[in-house]
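Chemist: Quick one, structure for this:
(one chain, ligands or ions: 1)
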Amino acid sequence: MISRVTILIQLLACTVPAFAQQLLVPPYLQPGNASSLTKEQKVIIWQTDSIPGNFSVECTVYGQSSKPIKAKPSITKLTLLNKTTLLYRATLTGLKTDQTYRYKVLLNGKPVAENIFETRTKKPATRFAVFGDCGAGTPEQAELAFQVYQQKPQFVLVTGDIVYNNGRELEYRNRFFPYYTAPEPAPGKGAPLMNSVPFYMLPGNHDTYSANLGKYPDGLAYFYYTDLPRNAPVTELTVTPTGDAQRINSFKKNTAPRFPGTANYSFDHGNVHITCLDANDYVNPLDPLLVEWLRNDIGTSKADWKIVAYHHPGFNSSKAHYNQQWMRLLSPLLEELGVNLVLTGHVHNYQRSVPLKFAPKKDETGTRYVVSNEGRVDGVFTLDTAFDGVTRTKPDGIIYIVTGAGGASLYDKEFGSNPELWKHDPPENWVPFTVKMITDKHSFTLIETNGKLLTLKQLDAAGNLLDEIKITR
Ligand SMILES: [Fe+2]
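Modeler: Presented below is the predicted three-dimensional model:
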């Protein structure tokens, strides 16, 4: 891994707006529409005030003289909350895997920002960080961002609730980008992480609360700021903007071709296949189109490790959001498809389950699963209590992780040290599936794969190890 040299030159003066552009969001990296490892690309995105600039992007192989890959950015004019800004995105295509590149963002031919990034690897080894529920604008969010940066992940996976409270454009600019695109790494401020590391993200409830564009004209900003693989079908029930028709049309125009398809997607990185799903309450987790896609997407994957990520945890022993269990309906399919690990957020703490299998209860006809009005899903649990992640490392079932302690205020702080509090009733709904819960510290998950070995660590903002398991296949 190269030492991360951050050369973020912010020459764009905010004091002379008549002659220069104010950089509202500095250039950051997104994965782009590249799912399998047969194609690699990255998208550089940045945002300025309303004064257009003659921007371009150049990318060369790091440390070698090579013909630059050039990209002219597209410009999306966003007029939101009566203010106009310009969102630029430049797609770098034809990149090679396992390669380090340097990119430069140029204004009138002169660099205004430059950085280094690595493309995805084809080697059977990965290292990535996972957290959710982060963009709350807290000191803990900054501390975690700094620690994640120290850990040098190849990519970051955000399991939803990217910004609070409503997933709005202004909230991203105030509570998200300043922490992950900070000019310098510092525990109190964050780090220049997104400038060189792609963030894969997925929509949580707070990211879609702003679907009423009449109330929140700058809502659903997930679709402005992300650029993710577009390889999943659009299901009938998906995130749907409401409100003024003109605003909806403008939103759709400004987020095409990403909205709403990138609410679900999958990608490969090294020997890991990760499928990201929208788990919001408007979704039918068993939509036939989605199920068919999952069967193909996960079922045909040759990756050593199959991981699924979504926001709302089905297996949660906290008090918070306990009843929101509808994603349990997908468990039998994920088990059948050989999924090893499910990563979630929504509950602002850390929880790890034993490897488990779950058969949701069916109605009297035996054809339909039962979900209560509250979202509860009863069923039959099979727990692999022999797995300990140390000496017994071959799980029989899926391990479910809640990693929602990424920055927002913590939930049920007293629970971690008191397993008596984890219990819920009846046994058709809860059994002791949780083996580890950390509720008094903000934390993130660091996953490393090396061939048939996967190591999962939970680290706090100081880098202290809070939990660790090894999984082998
Ligand atoms: Fe949430």
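Chemist: The residue of the chain at minimum distance from the ion in helix, strand or coil?
Modeler: Closest residue of the chain to the ion, C-beta to the ion: residue 346 (3.8 Å). All C-beta spots, glycine's among them, are computed from the backbone N, C-alpha and C. Following DSSP: H, G, I helix; E, B strand; the rest coil, the label given to residue 346 is coil.
Chemist: burial measure for it, as a count.
Modeler: Residue 346 is flanked by 26 other residues according to other C-beta atoms under 10 Å.
Chemist: What are the neighbouring residues in contact with it?
Modeler: Residue 346 makes contacts with 132-133, 159-161, 204-205, 311-313, 316, 321, 324, 402, 404, as judged by C-beta atoms under 8 Å, 6 or more residues apart in numbering.
Chemist: closest to residue 275 among these?
Modeler: Taking C-beta to C-beta as the measure, residue 275 lies nearest residue 159 of the contacts of residue 346, at 12.5 Å.
Chemist: same for the ion: which of the contacts of residue 346 are within range?
Modeler: With C-beta under 5 Å from the ion as the criterion, the contacts of residue 346 include 161, 204-205 near the ion.
Chemist: Go through stretch 432-452 and flag the buried ones.
Modeler: For stretch 432-452, the neighbour count (16 or more other C-beta atoms under 10 Å) marks 433-439, 441-449 as buried.
Chemist: Check stretch 282-295 too.
Modeler: Of all the residues in stretch 282-295, those buried under the rule 16+ other C-beta under 10 Å are 283, 285-287, 290, 293-294.
Chemist: What of stretch 186-199?
Modeler: For stretch 186-199, by 16+ other C-beta under 10 Å, it's 187, 189-199.
Chemist: Show me what counts as buried in stretch 41-60.
Modeler: 41-49, 53, 55-59.
Chemist: picking that back up, pLDDT added to the ones next to the ion among the contacts of residue 346, as a markdown table?
Modeler: Below are the ones next to the ion among the contacts of residue 346 laid out as a markdown table (pLDDT from 0 to 100):
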| residue | pLDDT |
| --- | --- |
| 161 | 98 |
| 204 | 98 |
| 205 | 98 |
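Chemist: neighbours around residue 76, how many?
Modeler: 17.
Chemist: Before we go further, it is sitting in a helix, right?
Modeler: No: looking at residue 76 with three-state DSSP, it is strand, so not inside a helix.
Chemist: From here on, call the first residue 43.
Modeler: All right, first residue 43 from here; so that's residue 118.
Chemist: That one reaches residue 267, doesn't it?
Modeler: No: assessed by C-beta atoms under 8 Å, residue 118 is found out of contact with residue 267, at 10.9 Å.
Chemist: Identify those among the buried residues of stretch 324-337 that sit within helices.
Modeler: Secondary structure from DSSP state H places 332, 335-336 of these in helices.
Chemist: pretty sure residue 267 contacts residue 87?
Modeler: Yes: Residue 267 lies in contact with residue 87 (C-beta under 8 Å); the separation is 6.8 Å.
Chemist: hang on, the earlier thing: widest-spaced pair of the buried residues of stretch 83-102?
Modeler: It's 83 and 91 that sit farthest apart of the buried residues of stretch 83-102, by C-beta to C-beta, at 27.8 Å.
Chemist: Identify the residues contacting residue 203.
Modeler: Shown in contact with residue 203 (C-beta under 8 Å, 6+ apart): 174-177, 246-249, 353, 387-388, 446, 450.
Chemist: tell me which of the residues you listed is nearest to residue 291?
Modeler: When the contacts of residue 203 are compared for distance to residue 291 (C-beta to C-beta), residue 249 wins out at 21.2 Å.
Chemist: host element of that closest one?
Modeler: Element membership for residue 249 (DSSP states H and E) is helix 247-250.
Chemist: where's the nearest residue to residue 246 once chain neighbours are set aside, which helix or strand?
Modeler: Of all residues not flanking residue 246 in the chain, residue 202 sits nearest, at 2.7 Å (C-beta to C-beta, 6 or more residues apart in numbering). Residue 202 is part of no helix or strand when elements are defined by DSSP H and E.
Chemist: Now do the contacts for residue 202.
Modeler: Applying C-beta under 8 Å, 6+ apart, the residues near residue 202 are 174-175, 243-249, 321, 352-353, 387-388.
Chemist: mind running it again at 10 Å?
Modeler: The contact partners of residue 202, by C-beta atoms under 10 Å, 6 or more residues apart in numbering, come to 174-176, 209, 243-250, 264, 318-322, 351-354, 386-388, 446, 448.
Chemist: Kindly report the residues of the stretch 143-292 of the chain close to the ion.
Modeler: Within the stretch 143-292 of the chain, the positions adjacent to the ion are 203, 246-247 by C-beta under 5 Å from the ion.
Chemist: Beta-bridge partners for residue 199, please?
Modeler: Beta-bridge partners of residue 199, counted by DSSP bridges, are residue 172, residue 242.
Chemist: Same question for residue 512.
Modeler: Beta-bridge partners, per DSSP bridges, of residue 512: residue 497.
Chemist: What about it, how many residues nearby?
Modeler: For residue 512, using other C-beta under 10 Å, the count is 16.
Chemist: and residue 299, how many residues sit next to it?
Modeler: Neighbourhood size, residue 299 [other C-beta under 10 Å]: 8.
Chemist: Hmm, it is touching residue 133, no?
Modeler: No: Residue 299 is not in contact with residue 133 according to C-beta atoms under 10 Å; the separation is 12.0 Å.
Chemist: okay, and the common contacts of those two?
Modeler: Common neighbours of residue 299 and residue 133, using C-beta under 10 Å, 6+ apart, are residue 75.
Chemist: ok, the closest residue to residue 405 other than its chain neighbours - contacts?
Modeler: Distances taken as C-beta to C-beta, 6+ apart put residue 412 closest to residue 405, at 5.4 Å, once the chain neighbours are dropped. Residue 412 sits next to 371, 402-406, 418-421 when contact means C-beta under 10 Å, 6+ apart.
Chemist: In strands, which of these appear?
Modeler: Of the contacts of residue 412, the ones assigned to strands by DSSP state E are 402, 421.
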